[in-house]
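> With the sequence up front, the predicted model follows.
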Amino acid sequence: MTKLGDLLDLTRIDSPNGTENSGGHDLVYRATIDPTFTIGPKVHGGSVQMLAAKAAREALLDLADPDARAALEGVSAIAIASDYLAAPDPAEVDVAVSIVKRGRTVNLARVDVTQGGRTMVSSTVTLGRVDTGDATYRLPGLLDGLPVEPADDGLSIDDTALGDVMHLGPALDMVLDAATFAAGRGEQGAPVIRGWIRPKDAADQPSDLDWDFPVLVCDVSPPVLMNLGMFGWAPTVQLTTFVRRRPAAGWLRFESSTQEVGKGMFDEDHVVLDSTGAVVANSRQLALIPHRP
């Protein structure tokens, strides 16, 4: 069975496969993306961004002087801005990384995910240390009424038609809130979808997975357009994710929503909480309206 950690298995290489934009990068990794991490035939955007975040952290360590590595303890991606130029296929990809800046508080990397000699996703990754302890202020009412663990009437993607399109089920447990997923009832409603998610068999996953898993969660919801009766592939144009803290043990809760749906594009926001109610990550993306004949 494919595990979530398998996606983050990076091998450092010297000769990219015909990668036209590999020149000038500090180093290149290779990864193999399993069909598990796809939406329809193409790789899930949040999975690609999680891979970019891991590669940036890995490169920062690999390129550091041995004496400087200890100072990088606890440094990980805290912001990832990705431009989706094309949708990768589930296959080998090269991940080329340049460290743009090293600093005491903030480091900056450029990460290009390439396939077949073509740049598919280009990201800027900011690396630093996430927050710890209690928040000074938190907006009241975040995910009000959504229990810490899935409700009895929750809709598992493994048990719905979504599983035919979202293939992430073997790698993670994901349950949608029936009250907000109107499309699951064959109805229309507000463009807001809530749910719960965690890595499948979390105890068997790499110990550092929670550094990067919140990045994937920030793009995990079905498009909120489904609640408006609009179905089909909604390609991401740009996705920016902020990682706020390492999650506490247990299920993560998420909410996706939109501020406006236009004729050709819409925005979609994610907020992700852990079992303590702390904000783990949040994101905003610009995506295209599904094509309708």
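Nice, thanks for sending it over.

> Where do the strands of the stretch 101-250 of the chain begin and end?
With DSSP state E, counting those that start in this stretch as the criterion, the stretch 101-250 of the chain has strands at 107-115, 118-128, 155-156, 172-176, 192-199, 236-243.

> any idea of the mean pLDDT for the first one?
Here strand 107-115 scores 98 as its mean pLDDT.

> Find the nearest non-adjacent residue to L288, please.
The spatially closest residue to L288, leaving aside those adjacent along the chain, is P235, at 4.9 Å (CB to CB, 6 or more residues apart in numbering). Using the backbone N, CA and C atoms, a C-beta is placed for each residue, glycine as well.

> I'd say the one you found and A86 touch.
No: with contacts counted by CB atoms under 8 Å, P235 stays clear of A86, the gap being 9.5 Å.

> Throw the strands of the stretch 101-250 of the chain into TSV and include mean neighbour count and distance to I80, thanks.
Compiled in TSV, those are given as follows (neighbours: other CB atoms under 10 Å; distance: least, CB to CB, whole Å):
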stretch	mean neighbour count	distance to I80
strand 107-115	23	8
strand 118-128	21	5
strand 155-156	18	28
strand 172-176	22	19
strand 192-199	22	18
strand 236-243	21	5
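
> got TSV for those, with distance to M226 too?
Formatted as TSV, these follow (distance: least, CB to CB, whole Å):
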stretch	distance to M226
strand 107-115	27
strand 118-128	24
strand 155-156	12
strand 172-176	10
strand 192-199	8
strand 236-243	15
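
> Would you tell me which of those gets closest to E92?
E92 lies closest, by CB to CB, to one member of the strands of the stretch 101-250 of the chain: strand 107-115, at 7.4 Å.

> The closest one - contacts with which helices or strands?
When contacts are defined as 3 or more CB pairs under 8 Å, 6 or more residues apart in numbering; DSSP states H and E, strand 107-115 packs onto helix 45-62, strand 92-101, strand 118-128.

> For the ones you listed, give me a markdown table that also has distance to I157 and mean pLDDT.
Output for the helices and strands packed on strand 107-115, formatted as a markdown table (distance: least, CB to CB, whole Å; pLDDT from 0 to 100):
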| stretch | distance to I157 | mean pLDDT |
| --- | --- | --- |
| helix 45-62 | 14 | 97 |
| strand 92-101 | 24 | 97 |
| strand 118-128 | 24 | 98 |
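
> Could you say which of those is packed most deeply?
Highest mean neighbour count of the helices and strands packed on strand 107-115: helix 45-62, a mean of 25 (counted as mean count of other CB atoms under 10 Å).

> quick one on the thing from earlier: quick check: which of the strands of the stretch 101-250 of the chain is nearest to A64?
Between the strands of the stretch 101-250 of the chain, strand 107-115 lies closest to A64; by CB to CB that is 9.8 Å.
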